[in-house]
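Undergrad: okay, structure incoming, though there's no sequence with it:
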């Protein structure tokens, strides 16, 4: 049985740990709020890009051939991007992405293509390197607060590798942000871009255009229907604009994934740290109880000794 | 003489950076420099990296280092959609120079006609424009 002194020192060390986990919980909560805001701030930009694409599609005489939309004839190599965090202590946040990556790797290998690994976040990078796999692209140092430029450098690599034929498809695994308590592993195909995502669904186009027009004339920043498309000036032509817009979709998808992953990471860390603080509190209670019990036992012992001594003197 | 004002909005993926009434928006499209005044015809253009200038009035100009993006003018509102809009005094000169250096050296290794080459050229263009804003 541990001595009273041992128990006391354990109590004080658990108290110190609780201080740390509480502080980390608080920091994570503050960063989570900021990360949620950043997801909100992306929305108007993404919306504006989407509206602009629709208008350019309508104005274009023909849809230009966009390498990002074209499927490769045979799928020999698949790029897999794992979006993780730079730091641990966030519950299952990193490990569930790495696990999902391994599962997808096994699946793909059974189907035939080999996997080229990409990872953002130190955890993902080191896990891939630890297993002795070749890393086609590693991106670290920003997962606390990803900037659009970080997403662009990842997107640039992936797009370059896709267009130059080093990979034939690119998939991405990340923690989607549902709520501070819940994150879910999401699996998306980044490249080739889905025609429907970028250019809108061709079959519904006529109907969609009507809806869009009426919807837009209601909103204040929308285009009024009397602006016929012939009046628009395009610099350069709509086809060129579409070519430039396509990579933006990849960048925005990656940026959104990075932001959601960051929000998820802070949420996961907050939850993990709250649990740790609660466990610490429980441990402190138990240890305090034990310490009191021992102190009481010692006092009882001493009283009995005094009584026995007095008895002996009589 | 004061010019008629119109609304100009600058949006980046990291949020809105500007939304005010201005007299003129000056920037560069892939075709050339452009100055947009009030009542401009509907326009959609690709923007190249340059210095974006928003004239609140003749002497009151807001400047940004602008990355690649798009300009849309409709209903007397100019919408500037850019990947980056950095205030000139927030530019980090040494960081930009080192990235420019990196891009130039990978350009030398990139194969003729590859996507890699295009990308390096774009990066160089962007950072050269940023440096110009910084000195300007």
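TA: That came in fine, so what should we check first? Small disclaimer: the values here were computed from a predicted structure and weren't measured.
Undergrad: show me what residue A:189 is bridged to.
TA: When assigned by DSSP bridges, residue A:189 has beta-bridge partners residue A:171.
Undergrad: how's chain B carved up into domains?
TA: Under the assignment automatic domain parsing, the domains of chain B span B:6-86, B:92-135.
Undergrad: who's in contact with residue A:267?
TA: With contact taken as CB atoms under 8 Å, 6 or more residues apart in numbering or on different chains, residue A:267 is in contact with A:28, A:32, A:177, A:179, A:180, A:181, A:182, A:183. Every C-beta, even on glycine, is put in place using the N, C-alpha and C of the backbone.
Undergrad: show the pLDDT at residue A:53.
TA: Residue A:53 carries a pLDDT score of 87 in this model.
Undergrad: test my guess that it contacts residue A:242.
TA: Yes - using CB atoms under 8 Å, residue A:53 makes contact with residue A:242 at a distance of 7.1 Å.
Undergrad: any part of the host helix or strand of residue B:96 near chain A?
TA: Using DSSP states H and E, the element containing residue B:96 is helix B:93-109. No - applying CB under 8 Å from any CB of the partner chain, one finds helix B:93-109 out of contact with chain A, separated by at least 9.5 Å.
Undergrad: and that helix, what does it pack onto?
TA: helix B:115-135 (3 or more CB pairs under 8 Å, 6 or more residues apart in numbering or on different chains; DSSP states H and E).
Undergrad: distance between the helix it packs on and the chain's centre?
TA: 12 Å (CA atoms, centre = their mean, to the nearest Å).
Undergrad: hmm, it touching chain A?
TA: Yes - for a cut-off given as CB under 8 Å from any CB, helix B:115-135 has contacts with chain A, namely B:115, B:116, B:119.
Undergrad: returning to what we had before: next, the angle from the helix holding residue B:96 to helix B:115-135.
TA: Helix B:93-109 and helix B:115-135 meet at an angle of 150 degrees, taking axes from the mean of the first three to the mean of the last three CA atoms, to 10 degrees as the criterion.
Undergrad: what mean pLDDT does stretch B:91-106 get?
TA: Per-residue scores along stretch B:91-106 average to 87.
Undergrad: other residues contacting that stretch?
TA: For stretch B:91-106, contacts defined as CB under 8 Å, 6+ apart pick out B:65, B:116, B:120, B:123, B:124, B:127, B:128, B:130, B:131, B:133, B:134.
Undergrad: which of the domains of chain B has the lowest mean pLDDT?
TA: Sorting those by mean pLDDT places domain B:92-135 lowest, at a mean of 85.
Undergrad: how far does that one stretch from start to finish?
TA: From the first residue to the last, domain B:92-135 extends over 12 Å; the measure is CA to CA, to the nearest Å.
Undergrad: same question for stretch A:105-120.
TA: End-to-end distance for stretch A:105-120, by CA to CA: 17 Å.
Undergrad: give the buried residues for that stretch.
TA: A:105, A:108, A:115, A:116, A:117, A:118, A:119, A:120 (16 or more other CB atoms under 10 Å in any protein chain shown).
Undergrad: now stretch A:62-70
TA: By neighbour count on 16+ other CB under 10 Å, the buried set for stretch A:62-70 is A:63, A:66, A:67, A:68, A:69.
Undergrad: neighbours of the residue lying closest to the second one once chain neighbours are set aside, just the number please.
TA: In this structure, residue A:66 finds its nearest non-sequential neighbour in residue A:246, 4.9 Å apart by CB to CB, 6 or more residues apart in numbering or on different chains. Counted with other CB atoms under 10 Å in any protein chain shown, the burial measure for residue A:246 works out to 18 neighbours.
Undergrad: verify the stated contact: residue A:246 with residue A:193.
TA: Yes - under the criterion of CB under 8 Å, residue A:246 is in contact with residue A:193, at a separation of 6.4 Å.
Undergrad: any shared contact partners between the two?
TA: Counting by CB under 8 Å, 6+ apart, the residues touching both residue A:246 and residue A:193 are A:66, A:68, A:69.
Undergrad: neighbours of the nearest residue to the last one once chain neighbours are set aside, how many?
TA: Which is residue A:69. In this structure, residue A:69 finds its nearest non-sequential neighbour in residue A:193, 5.2 Å apart by CB to CB, 6+ apart. By the measure other CB under 10 Å, the count of residues near residue A:193 is 22.
Undergrad: ok, now which ones touch the most centrally placed residue in chain B?
TA: With distances taken as CA atoms, centre = their mean, the residue of chain B nearest its centroid is residue B:66 (2.7 Å). Neighbour list for residue B:66: B:27, B:47, B:49, B:50, B:51, B:52, B:80, B:82, B:84, B:85, B:129 [criterion: CB under 8 Å, 6+ apart].
Undergrad: give me the beta-bridge partners of the closest residue to it other than its chain neighbours?
TA: Of all residues not flanking residue B:66 in the chain, residue B:52 sits nearest, at 4.0 Å (CB to CB, 6+ apart). Residue B:52 forms beta bridges with residue B:64, as assigned by DSSP bridges.
Undergrad: follow-up on the earlier one: which positions in the helix holding residue B:96 come out as buried?
TA: With burial defined by 16+ other CB under 10 Å, the residues of helix B:93-109 counted as buried are B:96, B:99, B:100, B:103.
Undergrad: nearest residue to residue A:168 in space, ignoring adjacent ones along the chain?
TA: In this structure, residue A:168 finds its nearest non-sequential neighbour in residue A:72, 4.0 Å apart by CB to CB, 6+ apart.
Undergrad: for the residue nearest to residue A:179 when sequence neighbours are not counted, what are phi and psi?
TA: Closest residue to residue A:179 apart from its sequence neighbours, by CB to CB, 6+ apart: residue A:267 at 7.3 Å. Backbone torsions of residue A:267, given as degrees, to the nearest 10, read phi -60, psi -50.
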